[in-house]
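Engineer: here is the input, now give the coordinates:
(chains A, B and C)
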Amino acid sequence: MLKQVEGSQAVAEAVALCRPEVICAYPISPQTHIVEALGRMVTAGQLAPCEFINVESEFAAMSVAIGASAAGARAYTATASQGLLYMAEAVFNAAGLGLPIVMTIANRAIGAPINIWNDHTDALSQRDCGWIQLFAEDNQEAVDLHIQAFRLGEELSLPVMVCMDGYILTHAFERLELPRQEQVDAYLPRFEPRQVLDPAEPLSIGAMVGPEAFMEVRYLAHAKQQQALELIPAWAEEFHRAFGRETGGLLHLYRADDAETIVVALGSVLGTVKDTVDELRETGLRIGVLGLTCFRPWPHLAVRAALADVRRVVVIEKSLAVGLGGIVSANVRGSYTGHPDHVHAVIAGLGGRPITKRALHGVLRKAAEGELEPLTFLDLNRQAVERVLTREREVRRSGPIAESVLRDLGVSALKIG
Amino acid sequence: MTDQPIKFYQTGTFTVGNRLLSPEQRSVQSNMRRTNSLNSGHRACQGCGEALGARYAIDAAMEATERRLIAANATGCLEVFSTPYPETSWQIPWIHSLFGNAAAVGTGIAAALRVRGQTDVRVIAQGGDGGTTDIGFACLSGMFERNDDVLYICYDNGGYMNTGVQRSSATPPAARTSTTMPVGKGTGSAFGMGKFVPAIAMAHEIPYVATATVADLRGLEAKIRRAMEFRGARYVHILVPCPLGWGHASEQTIRIARLARETGLFPEFEAESGNVTGVTRIRRQLPVEEYLRPQHRFAHLFRDPPRADLIAQIQALADRNICRYGLLARQEAER
Amino acid sequence: MFQIRIHGRGGQGVVTAAELLSIAAFREGRHAQAFPSFGSERTGAPVVAFCRIADEKIRNREPVVAPDAVIIQDPTLLHQVDVFGGMVPDAYILINTSRGFDALGLRDFVSGFDANHRSTVPATEIAIRHVGKPLPNAALLGAFAAVTGLLGIDSVAAAIREKFAERIAEPNVAAAREAFEFMHEKREALARAEAG
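Structural biologist: Purely as a prediction, here's the structure:
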């Protein structure tokens, strides 16, 4: 059914259609609307049987989900940013225990300094934990990916993170197609776990595994993610047949057939990138787009094939590996068969800095002219950073960067008396 | 109050046999049909109080729940010695997740059971003092506050024993651990620090709170069975001596636990909805030295010259407990 | 594509206004995207919301930098925030005020604008009459429908009814309709003056 609805509300309805049995979440911007909407549905009896638990922290949220999933219930939670870090221990634990929990990440920056706006630092900080990580380009894909996530996770016995840009997608009203309950029921059968805590069949889950077996267990975790590389496109194809929409999968290409330059990105910025690419194509530039939907497992072969004949790759990413450079670009570079210097990292949109078509035009033109540096920060206020760096060369001063910048601007707390 | 109408006089560490009792009064452990939930073959130290307490507690819980029980276990000695992969000594459905989340995992299991209409299956979350009073405290309080239908059992041996006897917030004052040297003036844990979680549990006004020791194993079983009569959040805190960490002979475990009670240092009581409903009275109060001397972790109190000042401070703590919980039998109180 | 930027303060329903515009457009079979640019909730702080309306799927996610219309819910923002930044030539300006452009100190600024594209409406007063609270958003949307002709007033009314329960929706619909009529009459008067 077509609706004009807020992204969070739509995701809540999608999750509700998947018949979750235990929902537990701790509030954090910008995920709150999702969980509030689910709470309203539970109260209205739309989700029976379902237990909604107000937990005391994100660590508790993931832990409650672990207990529920291990006991055979379909479990769901949502978080972002600081909350994801706070539950990090449990996030790794859930993957290691093979529990098919689905979690929405309303992507948000990580402090210090505290910042509630969108970027991908949170999800990418957990990229190696063993969860499957899927990124939605728009709210329709966010809806669809949640449904695919439950199916995928339960098939593989792996937890799945569905990432959607905080505020940009979660708080955006858009026209969306919400599926019907019968459609979802046909696509997503009842959760039947392989191993479950059951008095009739006692088993011990979570024992300590020593050096004699740990390598094998971890190898199998990696192998399982490799299996996901087959299953993700398969379940997306199945979704297409059942729901009539092409969403999900490992990646998708846009105007890439004869492209000399390919722009790679994750998430909502792809919309702005595609509009920009259309305009650049009008000027004769042979430029296309690679939109990554699946970040983990890393779709190495698919990325390699997509970038095979491409002269240069510009990765627009909302993430930064401090001390190294780009995160997504480093992964892309590993799959690009051309010269590594032809993969350019453009760090953009950190902490919610808007990524404008104007800025994209600028950086993509520069790339086409062969003048783009290997690592760029889009729309950076060079004056401000140069001022700080110059001062620091003269006077070393420890302390938080943001507050240090203020001192340079002459802003400081007034002393009393 | 879960008293039995028969008095036992126990000497040393020998407990009176079950033959003197009618069958219904016998302990769960004495029953041939006990479930052996924590089966033999685990790797605990000789004389481990926690293994003893867990065996009695879980078998009693199994009997009370007609064998419909799931347990979540925090990281710690019990978890490590009971599941040397690929073996396990647990004969019940059991999960170990993390150090600090046993209570939350228990909450999740209980929620799953409720959703599936399996409310006859009961949930236990358990851990040592470290996993309960320190790193697990937030999840514990959350579980209490929501009144989730979970029985939490804390096996309190006063320290992080599994990792080498480090101090926890349950370590008693003046007790030597490997991390209390740099804190405070002496070797042991400082006075004025620490927390007594049973009192905090009572402050949450949950349906049932009890303290117990491995010296009164029938009492322990009775308290677990009593706990299973309630729905909602319940907490049982069991003092379990650790021969390694406490530095006493491994055959002295039960005796040391009894001394903890008889000196007043460990109060044994039950409470419902925040109010004490019964205490186990001290039959004959003993001075704290009797408890402290046999343990090497207190050896620094008895050098030449002995630390009479610290011993007096410990005695004051015991006296405070006796007063606060009314632990003396009437005749003793009048003496 | 038509791009609208709405300025106001937290608590005045700025974000809701953008959402309602998008719902009204949806009801007319169009694609619409509405999103806010604030973050932590705080009444009184300046808030901006955006709405894009088009006939095909909208992919662009950047904030509206070149609005075709600017709606200003709170005139105290006029000299504090760059509410007019990036406007396309002859963009629509709609300000919630019972005063005129001259009284707001904008005479010179709007002198180059098509008179039909710049309007004021006493939306707060209209809102207080119907809703009992100074929530001018519904009235402003009614006026917007009249000024731009982009959306029908019935679509605006339907959007309000979709979003709110009856006892809240009906007074807001009334406010929207009154503002719509008010604006309509104003424009007719202007047209007569120009013709005559």
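
Engineer: could you tell me which residues of the stretch 1-150 of chain A lie near chain C?
Structural biologist: A:4, A:6, A:29, A:116-117, A:138 (CB under 8 Å from any CB of the partner chain). Bear in mind the C-beta positions are built from the backbone N, C-alpha and C, glycine included.

Engineer: so what's residue 2 bridging to?
Structural biologist: In the absence of a named chain, chain A is used. Each beta-bridge partner of A:Leu2 is listed here: A:Glu177, as defined by DSSP bridges.

Engineer: not quite, I wanted chain C
Structural biologist: Each beta-bridge partner of C:Phe2 is listed here: C:Ile53, as defined by DSSP bridges.

Engineer: equivalent analysis for A:Cys163, please.
Structural biologist: In this structure, A:Cys163 bridges to A:Ile105, A:Phe135 when assessed by DSSP bridges.

Engineer: thought it was touching A:Ala136?
Structural biologist: Yes: judged on CB atoms under 8 Å, A:Cys163 makes contact with A:Ala136 at a distance of 6.7 Å.

Engineer: common neighbours of the two, please.
Structural biologist: Counting by CB atoms under 8 Å, 6 or more residues apart in numbering or on different chains, the contacts common to A:Cys163 and A:Ala136 are A:Gly267.

Engineer: ranges for the strands of the stretch 1-150 of chain A?
Structural biologist: Per DSSP state E, counting those that start in this stretch, the stretch 1-150 of chain A carries strands over the ranges A:2-6, A:22-25, A:51-54, A:75-79, A:102-107, A:132-135.

Engineer: OK, contacts around A:Ser81?
Structural biologist: If you count contacts by CB under 8 Å, 6+ apart, A:Ser81 has them with A:28, A:108-111, A:116, A:121-122, A:166.

Engineer: mind showing which ranges of chain A have poor pLDDT?
Structural biologist: For chain A, residues meeting the criterion pLDDT under 70 lie at A:398, A:411-417.

Engineer: pick out the residue of it closest to chain B.
Structural biologist: Residue nearest to chain B within chain A: A:Gly67 (2.5 Å; CB to the nearest CB).

Engineer: next structured bit after the least confident helix or strand in chain C by mean pLDDT?
Structural biologist: Counting by mean pLDDT, DSSP states H and E, chain C has its least confident helix or strand at helix C:107-110, which shows a mean of 86. Elements were assigned by DSSP states H and E; along the chain past helix C:107-110, the next helix or strand is strand C:118-121.

Engineer: for that next one, packing partners?
Structural biologist: Using 3 or more CB pairs under 8 Å, 6 or more residues apart in numbering or on different chains; DSSP states H and E as the contact definition, the elements that strand C:118-121 packs against are strand C:92-96, helix C:137-148, helix C:166-195.

Engineer: so which of the ones you listed gets nearest B:Arg234?
Structural biologist: B:Arg234 sits nearest to helix C:166-195 of all the helices and strands packed on strand C:118-121, at 45.8 Å, using CB to CB.

Engineer: by contact count, what packs against the closest one?
Structural biologist: Here helix C:166-195 is seen to pack against strand C:118-121, helix C:123-130, helix C:137-148, helix C:153-163 when contacts are counted using 3+ CB pairs under 8 Å, 6+ apart.

Engineer: re the thing from before, of the contacts of A:Ser81, buried ones?
Structural biologist: Of the members of those, the ones counted as buried by neighbours, 16 or more other CB atoms under 10 Å in any protein chain shown, are A:28, A:108-110, A:116, A:121-122, A:166.

Engineer: inside helices: which ones of these?
Structural biologist: The helices in this structure, assigned by DSSP state H, contain A:121-122 from the buried ones among the contacts of A:Ser81.

Engineer: out of the buried ones among the contacts of A:Ser81, the closest to chain C would be?
Structural biologist: A:Ile116 (4.9 Å).

Engineer: show me which residues of the stretch 301-417 of chain A sit near chain C.
Structural biologist: A:352, A:354-358.

Engineer: check contacts around A:Thr293.
Structural biologist: A:Thr293 is in contact with A:134-137, A:141, A:145, A:248-252, counting by CB under 8 Å, 6+ apart.

Engineer: at 10 Å what do you get?
Structural biologist: A:133-137, A:141, A:145, A:148, A:163, A:232-233, A:236, A:247-252, A:266-267, A:270, A:299 (CB atoms under 10 Å, 6 or more residues apart in numbering or on different chains).

Engineer: what of B:Met161?
Structural biologist: When the contact criterion is CB under 10 Å, 6+ apart, the partners of B:Met161 are B:45, B:48, B:50, B:76-77, B:128-130, B:155, B:168, B:177, B:240, B:242-246.

Engineer: poorly predicted segments of chain C, please.
Structural biologist: Chain C contains residues with pLDDT under 70 at C:38-41.

Engineer: can you list the residues of it near chain A?
Structural biologist: Taking CB under 10 Å from any CB of the partner chain as the measure of proximity, chain C contacts chain A at C:15, C:18-27, C:29-41, C:49-51, C:57-63, C:65-66, C:159, C:162-163.

Engineer: drop anything exposed from those residues.
Structural biologist: Judged by neighbour count, with buriedness set by 16+ other CB under 10 Å, the buried members of the residues of chain C next to chain A are C:15, C:18-27, C:30-39, C:49-51, C:58-63, C:159.

Engineer: from the residues you listed, which land in strands?
Structural biologist: Of the positions in these, C:31-36, C:49-51 sit in strands, assigned by DSSP state E.

Engineer: farthest pair within those residues?
Structural biologist: Most distant of these, by CB to CB, are C:His31 and C:Pro36, 18.7 Å apart.

Engineer: which residues of the stretch 51-200 of chain B fall in strands?
Structural biologist: B:69-73, B:94-96, B:122-128, B:151-156.

Engineer: dump these to TSV, plus distance to chain A, mean pLDDT and mean neighbour count.
Structural biologist: Supplementary listing: the strands of the stretch 51-200 of chain B in TSV, determined by distance: least, CB to the nearest CB, whole Å; pLDDT from 0 to 100; neighbours: other CB atoms under 10 Å in any protein chain shown:
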stretch	distance to chain A	mean pLDDT	mean neighbour count
strand B:69-73	5	98	29
strand B:94-96	3	98	27
strand B:122-128	8	98	29
strand B:151-156	13	98	29
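
Engineer: can you redo those strands as TSV with distance to C:Met87?
Structural biologist: Shown next, in TSV, are the strands of the stretch 51-200 of chain B (distance: least, CB to CB, whole Å):
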stretch	distance to C:Met87
strand B:69-73	61
strand B:94-96	61
strand B:122-128	61
strand B:151-156	63
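
Engineer: ok, and what's touching the least confident helix or strand of chain C?
Structural biologist: Applying CB under 10 Å, 6+ apart, the set of residues contacting helix C:107-110 from outside is C:78, C:84, C:93, C:95, C:100-102, C:104, C:117-118.

Engineer: picking up where we left off before, are any of the residues of the stretch 301-417 of chain A next to chain C buried, and if so which?
Structural biologist: Among these, those buried by neighbour count (16+ other CB under 10 Å) are A:352, A:354-357.

Engineer: mind listing what whatever residue of the stretch 201-335 of chain B ends up closest to chain C touches?
Structural biologist: As assessed by CB to the nearest CB, chain C sits closest to B:His204 within the stretch 201-335 of chain B, at 31.2 Å. The contact partners of B:His204, by CB under 10 Å, 6+ apart, come to B:140-141, B:143-145, B:147, B:233, B:235, B:273-274.
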